[in-house]
Structures are given as structure tokens and as C-alpha cells.
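Participant: Sequence first, then the predicted structure:
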Amino acid sequence: MPSDDAIQEAAETLGPLLYMRGEEEGRVRFALLALRPSEKPSAILRTQEREWPAEAVFNRYGVVADRYLFELPLGLSDGWYELDDQRVRLATDYGGDEMRIAFVSCNGQEQGDLDREKEQRNTLWSRLKAEHANAPLHLLLQGGDQIYADEILDAHPMTRKWEDEEDYFGDDVTAEDVENIRVALSRSLFGRYLVLLGHEEAKSLLCSVPTISMWDDHDICDGWGSLAEGKLDSPIGQTVYEVAREHFLLFQQAATLDDLPDVMMDRTAGGFGIHIELPGLHILAPDLRSGRRPNRVMSEESWRTFDEALKKAAGSRVLFVSTVPVLGPRLSLVESAMNIIPGAQKYEDDLRDQWQSRHHRKEWTRMLARLVKAKDEAGTDVTILSGEIHLATRGTLACKTGTVHQLVASGITHDPPPRGWARTLGTLAWLGDSPLPNHPIRMRSLPGHPRTYCDQRNYLRLLRKEGRWLAWWETEEDGTTDVLDLGAVDASV
């Protein structure tokens, strides 16, 4: 576990973190999180219009996190904010002829992430940083596993046992044990966020491009929600979740459990799905982890708020951030094989994470039906953005009035799986799966790539230009793909 001194030293390297809070009546709303030593007074944030005060939202380990809520007029190409005498350029021309967005996921790996050589780890962050310097991004969307928290379970022997032993639920823990676990995990996870978000290759983006993030399992622990219910509901499991939730809200939302932003669709603390409106664009990111169970992806409350947001976005362009892909191959064949392959059962939670799992097929069909209805009845142009699988691919869902596209980018720093897994998924995709009659799903290769699944580290770029939406991937080895025109009649070909 890091000491107070180590935490304070790491906090000095972390730049401000910028978050998007939406647009209303010609004003774009932002949140900014900045850390300072507890003995140092808060700084004042300045924009071209006025000064904005700080609100302390965290105070521990000799470090205070200040949050600034501020606004800028819509339409600025030369906007800025200034903190501690550092001026940061911030464009707000979200309704202009060009809007540039990046989508990333899987920023880390399960083991040894902090031991990797930073330059090699952050190769694609460096490329994205260079792109931003050349043509500033308007938004950075992060689609899950922004941090890999798996190793923080080493901070206490009981959490390591809870993770490693299938039949250990932690029924023998005392209230004192639980408190000790909470303290150990909190210190470890706070320090991990500081180190990873403080990497030079990413932090200039995180302070100058407003971010919209949604968490996935590794922001909590591997397979959270797909593990046995006894593990999830045990005192150890709930402590792991509560610690991860506090840090997700702080570092990925600039929020606390008692002060959730109004862009969250469900503000009951049972889920943290996000709906953000910008000119000509709605961004929907439901929470697929907080209410997840082995036989459920989303709680009924999350479904209700997602349906309301989709209805509100009727007729508009929607970017739907699903942290696990909505469109994918038939995984029930793999799940059936696991019952007869020795040792394969340990991967069951990874397959249960997917919408395509046989355990979620009814709910998966429910989601597909929602998207078809939005497209055919409401005229909503939905594009799904997904990560999680450590591969890049795309998919299409055929509707009567056009196509719902899915663009998968994963991971920006996580190494790809063995090539054989990409080929296995490609074979399953070739077999096809169409749970909705007359609405076939097809998995497709990246533009210009030969195989359905690209086994290279990658990120995605989106551009709205003169009313059309374009997309392309940056892959580590092959570079930039051809452009996919999401507005073209033949974009699904």
C-alpha cells in the first residue's frame, strides 16, 4: 500500500481532470477536478467571463480534491480556462461544421500494469495526444475499464482469498475486518488512480478534452456482477464495490455519492447511467455493472431511465456507449463447450459479461428490439460504441429504415488476446446469430482490414462534418484505417 508521502508525491504529478456536463440554453457546462496538498489553499479557476470557486469533495492522506463547476458560451473556437496560472484551450463549438470525438477503452491490464515501460504502454495515448494538438478534440468518450483495479485486492489477505477461492465468500469476517479491508483498498486504489491518470502521455488530454466515462468490471474487479451472488453480496464483496464506487465517482465523474450530477439518468445511487445532450447529439451510457447479476445485465430502474432517455433523443443522432458489445457472435456454443473442457469454468464469468451469453438472451433481445424501434419508428440514428474485448471490430443490425452500426475499440493500452481467440470469434461471427426475426446481425471487419476482428491495440475516432458522421480506427501496427461513412447509403456494405 502506498504511504501518505507516496500519495502526496503522486498527487503532484496529476493535472486537472475535465468532465462534460452537457449544454443548455447556449451554455456548455463542465466540471474540473484538481488535487492539492491539504495545507495549501484552493486556487481560483478563471475563464474569459469570470472567476469560479472551488468546492472540496475529498480530503484524505494529506490530499484535497477540489471540484470546479463552470460554464462557457456555446460556439467558442478559442475558449479557455485558467488554474494556477496555467491556461488551457477549450473549444465549445459543438454545433459547428466539425465536431471531433475520440473513443477509448481498456486502459490497463490485469497484472503488472504499473510495471510496464510507460512509453510502450502509452503508445496510442501519445498518438491521440498528437492528433489533438493538430486538430483539437471536442470530446473524449471512455467506454469502460478506465483503470484495472484487480491488483488492489492484494492490499488485504481476505480480499485476495475472496478473489482466488471459488467457495470462499468471507462469511467469517468481522466488522473490524471489513473496516480494515475498506481502509487498505481505498488507499491502494486512490494511489493507483493517481499514478495512471498522471502519465504524461494522457494527462494533457484529460485536462483539455472534456470526458464522458462509464465504468466496467475492471474498474471494480474482474467479472463484477457476473460472479456468484454469494460473493457479490458478502461483506467483502460489498466493500470491494463500495470502495470502487467512491473512486469511480471521484476520478471519473467529479462527484460523490451524496452529490450526483444531473446528467446521471438514475440518481438513486442504484446505477450511474449518463445522458448528455449537445447540439445535434445525444450521448447515452447506461450503467451495465451496478445492477448486474449473473442472470441480469441491467436493473429494471436502469431500463426505465434508459428508455426515457432514448425517447427524449427521438429523431436525433445518438452515440450509445455500451461497455460490452451489443452486437456480437453466438457465444452459447462456447459456453456449452465450457461444461466439458477441464478447467474452462474459470472463464465463465467473462462470457456471462456479454450481452450474447445464453444467460442474457432474453434481455439481449429486449435491447435489440429497443434499438430497432428507435430506428424504424422514431427515426433515431443510433451508433453503438463498445470496448471490453481487447479487439477492434464493427457490426451492423439491419432495420427496415436503415442500419444500426456498432463500432468496437479495445484496448488503448491492454495487449490483444492470443490470435487464436480472434479467429475463434471470427468463425462464430461467420456462423451468425439473429435473435430478432428479419433483423440480422452481421459482424464486419474494419475498413480495409482482412479479418473480422483486428488483434492490435487501437482507439476510435469520430467526426461530424457538414452533417455527416465519419469513423475510423487507429491501430498500433497498421496505423489508420480507411474511413467509414456512417451517413452513406452503403455504409453497411
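Facilitator: Yep, it's here.
Participant: contacting residues for Phe58?
Facilitator: Contact analysis of Phe58 by Cβ atoms under 8 Å, 6 or more residues apart in numbering lists 64-65, 250, 256. Quick note: C-beta positions are derived from backbone N, CA and C, even for glycine.
Participant: Which members of those residues are classed as buried?
Facilitator: The neighbour count (16 or more other Cβ atoms under 10 Å) marks 64-65, 250 as buried among those.
Participant: circling back to that earlier point, return the subset of the contacts of Phe58 lying in helices.
Facilitator: Assigned to helices by DSSP state H, the following of the contacts of Phe58 qualify: Leu250.
Participant: Buried residues, stretch 463-481. List them.
Facilitator: 463-464, 469-476, 481.
Participant: quick one: low-confidence parts of this structure?
Facilitator: 269, 331-349, 431-432, 488-493 (pLDDT under 70).
Participant: excluding its backbone neighbours, what's nearest Gln8?
Facilitator: Take Gln8 and drop its neighbours on the chain: the residue closest to it by Cβ to Cβ, 6 or more residues apart in numbering is Gly62, 5.2 Å away.
Participant: Ser38 is in contact with the one you found, correct?
Facilitator: Yes: here Gly62 lies in contact with Ser38, judged by Cβ atoms under 8 Å, at a distance of 5.0 Å.
Participant: Just give me the closest of the buried residues of stretch 463-481 to Val173.
Facilitator: Nearest to Val173 among the buried residues of stretch 463-481: Glu476, at 43.1 Å, using Cβ to Cβ.
Participant: Compute the distance between the closest one and Met20, please.
Facilitator: The spacing between Glu476 and Met20, counted by Cβ to Cβ, to the nearest Å, is 27 Å.
Participant: could you pull out the helices for the stretch 201-350 of the chain?
Facilitator: Here the stretch 201-350 of the chain has its helices, by DSSP state H, counting those that start in this stretch, at 229-233, 235-253, 300-312, 332-338, 348-352.
Participant: Dump the ones you listed into CSV; add distance to Arg444 as well.
Facilitator: Below are these laid out as CSV (distance: least, Cβ to Cβ, whole Å):
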stretch, distance to Arg444
helix 229-233, 36
helix 235-253, 31
helix 300-312, 24
helix 332-338, 20
helix 348-352, 22
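Participant: hey, which of those helices is tucked in deepest?
Facilitator: Of all the helices of the stretch 201-350 of the chain, helix 235-253 has the most neighbours on average by mean count of other Cβ atoms under 10 Å, namely a mean of 21.
Participant: That one packs against which elements?
Facilitator: Helices and strands touching helix 235-253, by 3 or more Cβ pairs under 8 Å, 6 or more residues apart in numbering; DSSP states H and E, are strand 27-37, helix 157-164, helix 175-197, strand 211-213, helix 229-233.
Participant: Who are the contact partners of Ala228?
Facilitator: 166, 169, 294.
Participant: Burial check on the first one, number of neighbours?
Facilitator: Going back to what we said before, that points to Glu166. 11 (other Cβ atoms under 10 Å).
Participant: go on, the last one?
Facilitator: Other residues near Pro294 number 17, with proximity taken as other Cβ under 10 Å.
Participant: so who does it touch?
Facilitator: Pro294 makes contacts with 225-229, 352, 359, as judged by Cβ under 8 Å, 6+ apart.
Participant: ok, of these, which one's closest to His449?
Facilitator: For those, the residue nearest His449 by Cβ to Cβ is Arg352; the value is 29.0 Å.
Participant: so the closest one touches Ser226, yeah?
Facilitator: Yes: taking Cβ under 8 Å as the definition, Arg352 is a contact partner of Ser226 at 3.9 Å.
Participant: Adding distance to His414, write the buried ones among the contacts of Phe58 out as a markdown table.
Facilitator: As requested, the buried ones among the contacts of Phe58 are arranged in a markdown table below (distance: Cβ to Cβ, whole Å):
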| residue | distance to His414 |
| --- | --- |
| Val64 | 32 |
| Ala65 | 27 |
| Leu250 | 23 |
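Participant: ok, so of those, who is nearest Ile412?
Facilitator: Set against Ile412, the nearest of the buried ones among the contacts of Phe58 by Cβ to Cβ is Leu250 (21.6 Å).
Participant: Leaving out the residues flanking it, which one is nearest to the closest one?
Facilitator: In space, Leu250 is closest to Phe58, 5.7 Å off (Cβ to Cβ, 6+ apart).
Participant: Show me how far the helix or strand where that neighbour lies is from its chain's centre.
Facilitator: Assigned by DSSP states H and E, Phe58 falls within strand 55-60. Offset of strand 55-60 from its chain centre (Cα atoms, centre = their mean, to the nearest Å): 24 Å.
Participant: List the neighbouring strands of it plus their orientation.
Facilitator: The strands beside strand 55-60 in its sheet (DSSP bridges) come out as strand 63-73 (antiparallel).
Participant: Pull out the buried residues from the strand it pairs with.
Facilitator: Under the neighbour-count criterion of 16+ other Cβ under 10 Å, strand 63-73 has 63-72 buried.
Participant: which residues are contacting it?
Facilitator: With Cβ under 8 Å, 6+ apart as the test, strand 63-73 has contacts from 7-8, 11, 21, 26-38, 42-43, 45, 47-49, 52-59, 79, 81, 83, 90, 92, 250, 254.
Participant: List only those of the residues you listed flagged as buried.
Facilitator: Taking 16+ other Cβ under 10 Å as the criterion, what is buried in the contacts of strand 63-73 is 7-8, 11, 21, 28-36, 43, 45, 47, 52, 54, 57-58, 79, 81, 83, 90, 92, 250, 254.
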